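In: Build me a model:
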Amino acid sequence: MRQNDQVDYDLTRLGTREFEHLSQALASEVFGSSVEVFGDGRDGGREATFRGAVRYPDPPAASGQWNGYGVVQAKFRQRPGVNNAGWLCNQLTGEFAGWKKAIKEGRERPDYLLFTTNVVLSAVADSGGIDQVHKHLAELAGDLGLQGVNRAAQRSHQRLVRRYGEKAAEDAVHTARAVWDRANQIHFLGRYEWKLLEIIRPGACEVSTRDPLAHAIRYPSIVTIAGVLASPHWQQKASFLSTQCEVFDEIGRRIGRDDYGWQPPKRHPLTYWADELEHQRIRVERERYRSSTQHSRRLSDSDAAGNSTRISAI
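Out: Residues are numbered from 1 along each chain as shown. Sure, this is the predicted structure:
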């Protein structure tokens, strides 16, 4: 996959089958124990399904979190490139046509459809690939009578870029990768990553750091950490010693770690990150104090000059 013409993680090297397994693993992680994963065979185009209330979206949208019958489907393009949006729209059109036929024949109508894909869509407002696919999905969803359709096509990295800017997102992901590597340097993969590996490549006892699969299965945790690091809210808390522990606990909560109250050692990526934020805050406060003092002096000098002029006039 690519972001701003820079290679991130080449998911095309996973192949169709392993990308489907990756989608199943992520669905299990996001939606929890209600997920039913389908193996190879006649599954009606479904990679996984879920039922009941799930903690998605998180944080909840204005309409609340999902509650119903949902289906996860993977759309893998072996050679992404020209007209990714057109290719994906065609794929979605075919899938929805299949669903309309299946529903007429008696198959249960899903409340939610979630599509995953390895293709990258441009983020240009209105004319970009993301908006094209989103509008196309909205039309198809209306025809099928769905409660909601969500596209899981784009990487969370792009959401960080749109929300916080390219530089802030890049710095956050870079630091998050260092944090994740440090946390898992002994075993290489964390608990969640081993779980994904078992689903995607059953029976595997190890995976090379150069294997694209290793990057793919650890990427969700890295982006989750980056979401905290890029947030002004958590940056503000990290800049004060009294609230830094809340940031570390939040990172642990989001990636499923139980060691709350953990304090990173001095030579740790999180420590360097928090120290820099503290120094930035102190510099800003000093600059504000200096500017305020200079402004007060100018007002005082102006008042003094005015008084002197009135005295001279008398």
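
In: Just grab the bridge partners of Gly70 for me.
Out: Legend: beta-bridge partners of Gly70 under DSSP bridges are Phe50, Tyr112.

In: which residues sit in contact with it?
Out: Each residue near Gly70 by CB atoms under 8 Å, 6 or more residues apart in numbering is listed here: Phe31, Thr49, Phe50, Arg51, Val54, Pro110, Asp111, Tyr112, Leu113, Leu114. All C-beta spots, glycine's among them, are computed from the backbone N, C-alpha and C.

In: cool, Asp58 as well?
Out: Gln65.

In: Spell out the secondary structure type for it.
Out: State at Asp58, reduced to three classes by DSSP: H, G, I helix; E, B strand; the rest coil: coil.

In: now do Val120
Out: Look at Val120: counting by three-state DSSP, its state is coil.

In: what about it, how many residues close to it?
Out: 21 (other CB atoms under 10 Å).

In: Surely it and Pro80 touch.
Out: Yes - here Val120 reaches Pro80: they are 6.5 Å apart, a contact under CB atoms under 8 Å.

In: still on that earlier bit, and the buried ones among the contacts of Gly70, selectable in ChimeraX?
Out: To isolate the buried subset of the contacts of Gly70 in ChimeraX, counting by 16 or more other CB atoms under 10 Å, use the following:
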select :31,49,50,54,110,111,112,113,114
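
In: Dump the contacts of Gly70 to TSV, plus distance to Pro265.
Out: Below are those laid out as TSV (distance: CB to CB, whole Å):
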residue	distance to Pro265
Phe31	36
Thr49	44
Phe50	40
Arg51	44
Val54	37
Pro110	48
Asp111	47
Tyr112	44
Leu113	46
Leu114	40
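
In: Hmm, which of the contacts of Gly70 is lowest in pLDDT?
Out: Lowest pLDDT within those is found at Asp111 (83).

In: Check the closest residue to it other than its chain neighbours and give its pLDDT.
Out: Of all residues not flanking Asp111 in the chain, Gly68 sits nearest, at 3.1 Å (CB to CB, 6 or more residues apart in numbering). The model reports Gly68 with a pLDDT of 86.

In: name the element Gly68 belongs to?
Out: Assigned by DSSP states H and E, Gly68 belongs to strand 67-75.

In: Pull that strand out as PDB, backbone CA atoms only.
Out: Output of strand 67-75 as PDB, limited to C-alpha atoms (Å, rounded to 0.1, in the frame of the first residue of the first chain):
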ATOM      1  CA  ASN A  67     -26.500  -3.800  16.700                       C
ATOM      2  CA  GLY A  68     -27.700  -6.500  14.300                       C
ATOM      3  CA  TYR A  69     -26.500  -9.000  11.700                       C
ATOM      4  CA  GLY A  70     -23.400  -7.900   9.900                       C
ATOM      5  CA  VAL A  71     -21.200  -9.400   7.100                       C
ATOM      6  CA  VAL A  72     -17.500  -8.800   6.400                       C
ATOM      7  CA  GLN A  73     -16.300  -9.200   2.800                       C
ATOM      8  CA  ALA A  74     -12.800  -8.800   1.400                       C
ATOM      9  CA  LYS A  75     -12.000  -7.200  -2.000                       C
END
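
In: Buried residues of that strand, list them for me.
Out: Gly68, Gly70, Val71, Val72, Gln73, Ala74, Lys75.

In: The residues you listed: which two are farthest apart?
Out: Using CB to CB, the pair of the buried residues of strand 67-75 lying farthest apart is Gly68 and Lys75, separated by 22.0 Å.
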